[in-house]
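Peer 1: take this sequence and fold it.
(one chain, ligands or ions: 1)
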Amino acid sequence: MDMPRLGFGTYGRTGPEGIAAILAALEVGYQHLDTAQTYDTEREVGEAVRRSGLSRDEVFVTTKVSEENLGEKQVIPSLERSLDALRLDHVDLALIHWPARKGGPAPEIYLRQIAEAKERGLARHIGVSNFTIALIEEARSILGDGAILTNQVELNPWFRNRKLADHCVARGMIVTCYEPLARGKVGADPVLRRIADERGATPEQVALAWELAQGYAAIPTSRNPDRIAQNLAAQEISLSSDELAEIDVLDRGIRSIDPAWGPDWD
Ligand SMILES: NC(=O)c1ccc[n+]([C@@H]2O[C@H](COP(=O)([O-])OP(=O)(O)OC[C@H]3O[C@@H](n4cnc5c(N)ncnc54)[C@H](OP(=O)(O)O)[C@@H]3O)[C@@H](O)[C@H]2O)c1
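Peer 2: Numbering: from 1, shown residues only. Coordinates of the predicted model:
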């Protein structure tokens, strides 16, 4: 199965309510779930997949290796723990969640391990998240072209991240937008609201439709079944070139996730 471009994010979807939301997503038709070692939702994702009755090859499951598991001989054992939590024998995509902070392991150390995880069948695909252009180039020189399926990065109409996204696309990688709704805030944007009103849609759907129209993947989350369904239906919206152009200039350039230990952004 190729990576479905609209996935369901699971940050915050913990416990019985989290399982219910993930199950609602699967029942309404999502076929891609995004979890991470640090979200504490791997168990919930696995449980929801089992309760859904879907077969393993009908759901694309992504997890991410946390920054504390990037040292020598740490990546594969951490993925094995993820698989135990998920109760799966492989994930479809394993990502390096964040590049190691300065003074931490060099990219070569953890990238070679994640590539080995793929060779061993723990993950069908591998990728990265929060990688900059320089780190993408370093990863390409270590693993070669075509090894990295995606770079998962913050991207939405208010944070366009164009330079990095263009670079990833030029290198044949899928750009996956996290915070595709700017944590729900893009709904207040007057241009998105007007386009949504004209189309009988919601501004959040218009934001997602714009991301998908760029060829990106997006992984919105919600605890609310109606919004979960609404977000998936964004796939049915085909924006005109004029509408896309209007949304292209909404960038406010304000990054929301910017830890002090993070990389030197482009
Ligand atoms: N790789 C990384 O470093 C990284 C970082 C951040 C996030 N992520 C991934 O990206 C996923 C999505 O990011 P995110 O959860 O931070 O932000 P998001 O999906 O942009 O926004 C989620 C927020 O928007 C609200 N919302 C969702 N759909 C809505 C709709 N149709 N109308 C109105 N409000 C709506 C939700 O509230 P309700 O629940 O009340 O609907 C929730 O508060 C995460 O779950 C995670 O899987 C990855």
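Peer 1: for the residue of the chain found nearest the ligand, grab phi and psi.
Peer 2: Of all residues in the chain, Gly9 sits closest to the ligand, at 2.4 Å by C-beta to the nearest ligand atom. C-betas here are computed from N, CA, C, even on glycine. Backbone torsions of Gly9, given as degrees, to the nearest 10, read phi -70, psi 150.
Peer 1: just give the number of residues close to it.
Peer 2: Neighbours of Gly9 under the rule other C-beta atoms under 10 Å: 25.
Peer 1: would Ala94 count as being in a strand?
Peer 2: Yes: under DSSP: H, G, I helix; E, B strand; the rest coil, Ala94 sits within a strand.
Peer 1: so how far is Gln113 from it?
Peer 2: According to C-beta to C-beta, to the nearest Å, Ala94 stands 10 Å off from Gln113.
Peer 1: and stretch 46-59, which residues are buried?
Peer 2: Applying a neighbour-count criterion of 16 or more other C-beta atoms under 10 Å, the buried positions in stretch 46-59 are 46-49, 52, 59.
Peer 1: who in the stretch 151-266 of the chain is up against the ligand?
Peer 2: Selection of the stretch 151-266 of the chain residues close to the ligand by C-beta under 6 Å from any ligand atom yields 152, 178-184, 187, 202, 204, 219-224, 227, 230-231, 257.
Peer 1: more neighbours: Ala94 and Gln113, which one.
Peer 2: Neighbours around Ala94 and Gln113, counted as other C-beta under 10 Å, are more numerous at Ala94. The numbers are 28 against 23.
Peer 1: which residue of this structure lies farthest from its centroid?
Peer 2: Distance to the chain centre peaks in the chain at Glu198, reaching 29.2 Å (criterion: C-alpha atoms, centre = their mean).
Peer 1: how about the contacts made by that one?
Peer 2: By C-beta atoms under 8 Å, 6 or more residues apart in numbering, no residues touch Glu198.
Peer 1: what segments of the chain are helices?
Peer 2: Secondary structure of the chain (DSSP state H): helices at 15-28, 42-52, 75-86, 107-119, 133-143, 162-170, 190-199, 203-213, 225-233, 241-248.
Peer 1: need the winner for burial among these.
Peer 2: When you average the neighbours per residue for each of the helices of the chain (mean count of other C-beta atoms under 10 Å), helix 203-213 leads with a mean of 25.
Peer 1: which residues does Leu54 contact?
Peer 2: 26, 31.
Peer 1: low-scoring stretches of the stretch 151-266 of the chain, by residue?
Peer 2: For the stretch 151-266 of the chain, no stretch has pLDDT under 70.
Peer 1: on that earlier part again, tell me the spacing between the residue of the chain closest to the ligand and Ala134.
Peer 2: As defined by C-beta to C-beta, Gly9 lies at a distance of 27 Å from Ala134.
Peer 1: over to Arg183?
Peer 2: In this structure, Arg183 and Ala134 are 27 Å apart, going by C-beta to C-beta.
Peer 1: got it, and Glu243?
Peer 2: 34 Å.
Peer 1: coming back round to it: among the residues of the stretch 151-266 of the chain next to the ligand, name the ones in strands.
Peer 2: Counting by DSSP state E, those place 152, 178 in strands.
Peer 1: among the residues of the stretch 151-266 of the chain next to the ligand, which ones are buried?
Peer 2: Among those, those classed as buried by 16+ other C-beta under 10 Å are 152, 178-182, 187, 202, 204, 219-222, 227, 230-231.
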